[in-house]
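> One predicted model, sequence on top.
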Amino acid sequence: MAEVKKREGESTTSLIYRFIKRVQQTGVLRESKKRRFHSRTQNRLKRKLSALHREVKKKEMEIARKLGEL
């Protein structure tokens, strides 16, 4: 955790600026975003089925485009 103490004669604006700078240097925000948006890995079968589904949809779109339906 980043900790910043107010210096004598320092304005609150500069204190907040120093705190933000310290937090960015420690990488706390980057780590929290990485943990928040981390997705679990799919198993092999699910990835394969998803890839097959994408291929089928791609072929359907290509046929529809050739026939002028899109």
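That came through fine.

> domains for the chain, by residue range?
1-38, 42-70 (automatic domain parsing).

> for this protein, what are the low-confidence residue spans?
Residue ranges of the chain with pLDDT under 70: none are present.

> burial of residue 69, as a residue count?
8 (other C-beta atoms under 10 Å). Any C-beta I mention is one placed from the backbone N, CA and C, and that applies to glycine too.

> Give me the phi and psi for it.
Note on residue 69: backbone dihedrals following degrees, to the nearest 10 are phi -80, psi -10.

> Ok, residue 14 next?
Torsion angles, degrees, to the nearest 10, at residue 14: phi -70, psi -30.

> Tell me the buried residues in the longest helix seen in the chain?
For the chain, the helix that runs over the most residues, judged by DSSP state H, is helix 44-67. Across helix 44-67, burial judged by 16 or more other C-beta atoms under 10 Å covers no residue at all.

> mind checking how far that helix is from the chain centre?
26 Å (C-alpha atoms, centre = their mean, to the nearest Å).

> try stretch 16-26
That offset, for stretch 16-26, works out to 21 Å (C-alpha atoms, centre = their mean).

> show me the contacts for residue 26.
Residues near residue 26 by C-beta atoms under 8 Å, 6 or more residues apart in numbering: residue 2.

> Please report how far it lies from residue 3.
10 Å (C-beta to C-beta, to the nearest Å).

> With adjacent residues omitted, what lies nearest to residue 64?
Setting aside the residues directly before and after it, residue 64 is nearest to residue 70 in space (C-beta to C-beta, 6 or more residues apart in numbering), at 5.1 Å.

> Okay then, goodbye and thanks.
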